[in-house]
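S.K.: Give the three-dimensional model of this entry:
(one chain, ligands or ions: 1)
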Amino acid sequence: MDSKLYIYNTLSREKEIFIPIHPKHVGLYVCGPTVYGDPHLGHARPAITFDLLFRYLTHLGYRVRYVRNITDVGHLENDADEGEDKIAKKARLEELEPMEVVQYYTDRYHQFMDELNVKKPSIEPRASGHIIEQLQVVDTILNKGYAYESNGSVYFDVAKYNNDYHYGKLSGRVIEDLLNATRSLDGQTEKHNSFDFALWKKASPEHIMRWPSRFSDGFPGWHLECSVMSAKYLGDEFDIHGGGMDLLFPHHECEIAQSTIANGKMPAKYWMHNNMITINGQKMGKSLGNFITLEEFFTGSNSLLSMAYSPMTIRFFILQAHYRSTVDFSNEALQASEKGLVRLMDAVNNLNKVKPSNSSSFDVNMFKEKCYAALNDDLNSPVLISHLFEAAKAINSMIAGLMMITADDLEKLKTLVGLFVFDILGLKQTVAETNANNEVLNEVVSLLLKLRGEAKANKDFVTADKIRDELLKIGFVIKDGKDGATWELK
Ligand code: ZN
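M.R.: Modelled structure (predicted):
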């Protein structure tokens, strides 16, 4: 079996063996959110995709420095070089200070990523905290002759870069096609070519997010922050750069051009892109009326949803597709996923009921090999999940006495299931799933609560408290209410 990790590199358009620059350390940079709105599915997919990568690389023994930025300045409407800053616009509409908008939506983003069990990155830098570094890189690119100043703004000279390097090597775009495809300059006489992009923009009088510079009072271009912050925290050359496919062009193409000139190197060895999500077959967008936030998924408060879906259902659903495939959200598909997740978690719980035999009719080593092979094949989570479902079926057969497993193999199976389900796929058992799927457990706890109620009625508070404390020790939180005691898992 080939035990090497292969990842699809967007740059070479091939699956390549992953060989990090340093044998033990991995530098991973992922483009994070622009924090001007509530987190939605478009935020969940890249976060979960690169969480899986982060978890797997860590499991393989690498020390991963995972940098995921927060864009809090410079990202203009329509991802263009003209128009209002997305955050400033939200601040204007809500009559808030832009940094209040940034703080609020950053907190919301963290809250929902926690609910999806997405691990925190090692470093989460903000663009507005790196204005000085960005201005230094603007100077470097200007000094090397690949940028020009125009009316207080500074633009990257794409045509000149393309003469010496290759603009479009990541996205496959051809500069002549870009020239034909882009609209006329609409009076934007500041730029030499429509595909040139801003490194620094002079702020118009009404633009409130501005910093002083020798060019003008202004703000950095959107693409610049990622070149600057990835180099600052991971070095001029690092291992993996990730993000959604929507960022491939122009964002990542521009990053490569900037970094190549500023640092004389291609910034990342491997470029990974997760595919997009659709809702009922359509692209998700506010204008299409099918925009669903994560909060709406978790509470069911959107007319497109027939019920609420737990964060783990959303996570499992996303992992059931390969990250390079599109994912289409529909109520039917989510409900099927939820059932699958319940089945998987039942099997995990049922492992404790399996009684070992003298021989095994389940090949635990083969199961282990197949699971690793799936992950090593460009993080093929759907194939990994299908192997976990096969194991779930086998576990149920063991309980029914139709399959056998030795005590040693059973221990191995428990460890492997824990590793792949919880540590690597990052799934967790939630109160709702445990409640719904473990009626026996429910009955047992209810019985204990009934005994506790009787003890209390008999003024035997020592016993009543003992039941409560012992339950708490194993993770059950008891709450006394008007209608008696209820419980939930810690
Ligand atoms: Zn970026």
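
S.K.: Where do the strands of the stretch 151-300 of the chain begin and end?
M.R.: Under the criterion DSSP state E, counting those that start in this stretch, the stretch 151-300 of the chain contains strands at 153-156, 197-202, 218-220, 238-244, 268-274, 277-279, 282-283.

S.K.: export those to JSON lines and tack on mean pLDDT, distance to A391 and mean neighbour count?
M.R.: Yep, even glycine has a C-beta here, placed from its N, CA and C like the rest. As requested, those are arranged in JSON lines below (pLDDT from 0 to 100; distance: least, Cβ to Cβ, whole Å; neighbours: other Cβ atoms under 10 Å):
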{"stretch": "strand 153-156", "mean pLDDT": "97", "distance to A391": "52", "mean neighbour count": "23"}
{"stretch": "strand 197-202", "mean pLDDT": "96", "distance to A391": "50", "mean neighbour count": "26"}
{"stretch": "strand 218-220", "mean pLDDT": "95", "distance to A391": "50", "mean neighbour count": "25"}
{"stretch": "strand 238-244", "mean pLDDT": "97", "distance to A391": "30", "mean neighbour count": "24"}
{"stretch": "strand 268-274", "mean pLDDT": "98", "distance to A391": "27", "mean neighbour count": "23"}
{"stretch": "strand 277-279", "mean pLDDT": "93", "distance to A391": "28", "mean neighbour count": "18"}
{"stretch": "strand 282-283", "mean pLDDT": "88", "distance to A391": "36", "mean neighbour count": "11"}
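
S.K.: Mind giving me the packing neighbours of the helix or strand hosting D465?
M.R.: Following DSSP states H and E, one finds D465 within helix 461-473. The contact analysis (3 or more Cβ pairs under 8 Å, 6 or more residues apart in numbering; DSSP states H and E) places helix 461-473 against helix 439-457, strand 476-481.

S.K.: Need the ones you listed in JSON lines (columns: mean neighbour count, mean pLDDT and distance to N193).
M.R.: Below are those laid out as JSON lines (neighbours: other Cβ atoms under 10 Å; pLDDT from 0 to 100; distance: least, Cβ to Cβ, whole Å):
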{"stretch": "helix 439-457", "mean neighbour count": "14", "mean pLDDT": "84", "distance to N193": "66"}
{"stretch": "strand 476-481", "mean neighbour count": "13", "mean pLDDT": "83", "distance to N193": "63"}
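
S.K.: Quick one: closest of the strands of the stretch 151-300 of the chain to the ion.
M.R.: Closest to the ion of the strands of the stretch 151-300 of the chain is strand 238-244 (Cβ to the ion; 6.1 Å).

S.K.: so what's F18 scoring on pLDDT?
M.R.: Predicted confidence (pLDDT) for F18: 98.

S.K.: Name all residues that make contact with it.
M.R.: Going by Cβ atoms under 8 Å, 6 or more residues apart in numbering, F18 touches 4-7, 270.

S.K.: could the residues you listed be laid out in JSON lines, adding distance to the ion and secondary structure?
M.R.: Shown next, in JSON lines, are the contacts of F18 (distance: Cβ to the ion, whole Å; DSSP: H, G, I helix; E, B strand; the rest coil):
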{"residue": "K4", "distance to the ion": "28", "secondary structure": "coil"}
{"residue": "L5", "distance to the ion": "24", "secondary structure": "coil"}
{"residue": "Y6", "distance to the ion": "25", "secondary structure": "strand"}
{"residue": "I7", "distance to the ion": "19", "secondary structure": "strand"}
{"residue": "Y270", "distance to the ion": "16", "secondary structure": "strand"}
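
S.K.: Next up, the contacts around the residue in the stretch 51-200 of the chain positioned nearest to the ion.
M.R.: Per Cβ to the ion, N69 is where the stretch 51-200 of the chain lies closest to the ion, at 6.4 Å. Contact analysis of N69 by Cβ under 8 Å, 6+ apart lists 29, 31-32, 124-127, 225-226, 229.

S.K.: Against the ion, how distant is I261?
M.R.: To the ion, I261 is 17 Å away according to Cβ to the ion, to the nearest Å.

S.K.: that older thread, and of the helices and strands packed on helix 461-473, who's closest to M209?
M.R.: Between M209 and the helices and strands packed on helix 461-473, the tightest spacing by Cβ to Cβ is seen for strand 476-481, at 44.7 Å.

S.K.: Tell me the helices and strands packed up against that closest one.
M.R.: Strand 476-481 sits against helix 439-457, helix 461-473, strand 484-489, with contacts defined as 3+ Cβ pairs under 8 Å, 6+ apart.

S.K.: Partner strands of it and their direction?
M.R.: Paired strands of strand 476-481, with direction, are strand 484-489 (antiparallel) (DSSP bridges).

S.K.: A347 touches S397, doesn't it?
M.R.: No. A347 lies out of contact with S397 (Cβ atoms under 8 Å); the separation is 10.6 Å.

S.K.: Those two: which has the busier surroundings?
M.R.: Between A347 and S397, A347 has the larger neighbour count (other Cβ atoms under 10 Å), namely 20 against 16.

S.K.: What residues does that one make contact with?
M.R.: By Cβ under 8 Å, 6+ apart, the contact set of A347 is 391-393, 395-396, 417.

S.K.: from those residues, which would you call buried?
M.R.: For the contacts of A347, a burial check counting by 16 or more other Cβ atoms under 10 Å picks out 391-392, 395-396, 417.

S.K.: Output those residues as CSV; include the columns distance to L60, pLDDT and secondary structure.
M.R.: Formatted as CSV, the buried ones among the contacts of A347 follow (distance: Cβ to Cβ, whole Å; pLDDT from 0 to 100; DSSP: H, G, I helix; E, B strand; the rest coil):
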residue, distance to L60, pLDDT, secondary structure
A391, 21, 98, helix
A392, 25, 97, helix
I395, 26, 97, helix
N396, 31, 94, helix
V417, 19, 97, helix
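
S.K.: Closest one of those to the ion?
M.R.: Looking across the buried ones among the contacts of A347 and measuring by Cβ to the ion, the closest to the ion is V417, at 36.3 Å.

S.K.: pLDDT wise, what is G129 at?
M.R.: Predicted confidence (pLDDT) for G129: 96.

S.K.: what mean pLDDT does the strand or helix carrying V101 have?
M.R.: Using DSSP H and E, the element containing V101 is helix 98-115. Here helix 98-115 scores 95 as its mean pLDDT.

S.K.: Quick one: distance of the helix or strand following that helix to the chain centre.
M.R.: Counting by DSSP H and E, the next helix or strand C-terminal to helix 98-115 is helix 131-143. Centroid separation for helix 131-143 versus its chain: 30 Å, with Cα atoms, centre = their mean, to the nearest Å.

S.K.: Can you name every helix or strand that helix 131-143 contacts?
M.R.: If you count contacts as 3+ Cβ pairs under 8 Å, 6+ apart, helix 131-143 packs onto strand 147-150, strand 153-156, strand 197-202, strand 218-220, helix 224-234, helix 253-263.

S.K.: Good, wrapping up.
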